[in-house]
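Peer 1: here are the coordinates; sequence isn't available:
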């Protein structure tokens, strides 16, 4: 057994001192000169809710619960429920656990494998061919065999270490896929809540339009009864009223469908509607907005971090392919006893051991291993290009949202001016019609303009909220500051 121990110690020392073939991965640096284009210090403002000026704060840190910036407790409650009950989160957490366990399983290949065996056999000696085996002369005898086996494959060229590195990088990728799932879910909930608020306000505006059209219809009906209005005017207004009522129906249908979406995001079914109802008045516009510098964006975006982990996994596979083309060493040892009775188990003449070493070097395989190496090298090139594409898309997302936020503020300012002018025009036209001095057509034109401008105003308010949420999401969502969920798996030590 001392010989076996010596050989195993030598093998362990050899594997620890062995080289690791293949490229050593280095995380890509932030792209030089990357940015978002010209950016004003703040947006314009408008005298209405969601019309506050928003300030762009360079390199401002982001809270983990970024949606709290909208100061809506119902929204906070809904997202908390979604994070607990949405099955996409559960699936992503389970996928990360799978990746983590695969790393731990592969790390086990760095240690010797020890197995124990025990067998009991009843045998008959062919007496015509051989003398009886047993000392008693009986052709029947029992044989008990107990054996301890040790097998070890020294990681001389780093085959296992590169495999562990690749699996650890895949687990890192899954970790950031999980973060991306959290970010996608929370941003989808906020977007759905804003859309529900928009629909509530659009329905309210349309109901006001129907009420106003009904009042005008009643005025025209009275004037028609006294001969001041033609029947064509009355029929025309009744048609306008019916059209306004017709517009309301699909808005109400969209609202119900939006509530179904919110229920699904919260992990429920359509017949389990969420308790929260949103309108634009319940959501407050965040006034200080973060703008991360390029180096911080690379660290913060889960999709960029996941793409970098994919690069490392592909890089490690190059080392695996190279190591597979080099000699593979194996060591095995066994120690046991094989007596014909339990009482003789520890007598020297019944004990045995063997020690074996093997060396395997591929000589000819038709180019299989060479082409597999070239294939993984090409896959690494693919991952590099995908990382670059992810990087470009990330910066484009942020730049687009920043432009949209500035445009949204300008658009809301113009929408407020338009709506107020149209509302005043309606008041004047209705007053003239009541006095019998105005034209029905002028009232109708003013009403249609006001309806259009009010709808545009509500949509402009909702856009500011939606694009603000999109900015938080495009900058990574503050996952590095999040403490609302427990990690799905413990951190995996670096395989390098």
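Peer 2: Noted; the coordinates are in hand. The structure displayed is predicted, hence computed values, not measured ones. Numbers count the residues shown, from 1 in each chain.

Peer 1: helix or strand for residue 398, which one?
Peer 2: Residue 398 belongs to helix 368-434 when assigned by DSSP states H and E.

Peer 1: tell me the angle the helix or strand that that helix is followed by makes with helix 368-434.
Peer 2: Downstream of helix 368-434, the next assigned helix or strand under DSSP H and E is helix 440-474. Helix 440-474 and helix 368-434 are oriented at 150 degrees to each other (axes from the mean of the first three to the mean of the last three Cα atoms, to 10 degrees).

Peer 1: in helix 440-474, which residues are buried?
Peer 2: By 16 or more other Cβ atoms under 10 Å, the buried positions in helix 440-474 come out as 440, 443-444, 446-447, 449-451, 453-474. C-beta: built from backbone N, CA, C; applies to glycine.

Peer 1: for stretch 246-264, same thing?
Peer 2: Of the residues in stretch 246-264, those buried (16+ other Cβ under 10 Å) are 247, 251, 254, 255, 258, 259, 260, 261, 262, 263, 264.

Peer 1: and of these, the nearest to residue 176?
Peer 2: The shortest approach to residue 176 among those belongs to residue 264, at 24.7 Å (Cβ to Cβ).

Peer 1: count of neighbours near the closest residue to the closest one other than its chain neighbours?
Peer 2: Once flanking residues are discounted, residue 264 sits nearest to residue 270: 7.6 Å by Cβ to Cβ, 6 or more residues apart in numbering. Residue 270 is flanked by 12 other residues according to other Cβ atoms under 10 Å.

Peer 1: do the same with residue 46
Peer 2: Neighbours of residue 46 (other Cβ under 10 Å): 23.

Peer 1: how about the one 5 residues further on?
Peer 2: Here the number of neighbours of residue 51 (other Cβ under 10 Å) works out to 20.

Peer 1: surely it meets residue 45?
Peer 2: Yes. With contacts counted by Cβ atoms under 8 Å, residue 51 reaches residue 45, the gap being 5.7 Å.

Peer 1: common neighbours of the two, please.
Peer 2: Common contacts of residue 51 and residue 45 (Cβ atoms under 8 Å, 6 or more residues apart in numbering): 409, 413.

Peer 1: correct me, but residue 171 touches residue 104?
Peer 2: No. The pair residue 171 / residue 104 is not scored as a contact, 9.6 Å apart, by Cβ under 8 Å.

Peer 1: between the two, who's got more neighbours?
Peer 2: Per other Cβ under 10 Å, whichever of residue 171 and residue 104 has more neighbours is residue 171, with 24 against 15.

Peer 1: quick check: chain neighbours aside, which residue is closest to the more buried one?
Peer 2: Nearest one to residue 171, counting by Cβ to Cβ, 6+ apart, is residue 99 at 3.8 Å.

Peer 1: and that neighbour, which helix or strand is it part of?
Peer 2: Following DSSP H and E, the helix or strand that holds residue 99 is helix 87-107.

Peer 1: what packs against that helix?
Peer 2: Helices and strands touching helix 87-107, as assessed by 3 or more Cβ pairs under 8 Å, 6 or more residues apart in numbering; DSSP states H and E, comprise helix 159-225.

Peer 1: helices and strands around the helix it packs on, which ones?
Peer 2: So helix 159-225, by 3+ Cβ pairs under 8 Å, 6+ apart, packs with helix 73-85, helix 87-107, helix 231-265, helix 302-323, helix 368-434, helix 440-474.

Peer 1: now those as TSV including mean pLDDT?
Peer 2: Below are the helices and strands packed on helix 159-225 laid out as TSV (pLDDT from 0 to 100):
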stretch	mean pLDDT
helix 73-85	93
helix 87-107	95
helix 231-265	91
helix 302-323	96
helix 368-434	92
helix 440-474	89
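
Peer 1: go through those helices and pick out the most buried.
Peer 2: helix 302-323 (a mean of 23; mean count of other Cβ atoms under 10 Å).

Peer 1: can you tell me the SS state at residue 114?
Peer 2: Following DSSP: H, G, I helix; E, B strand; the rest coil, we place residue 114 in the strand state.
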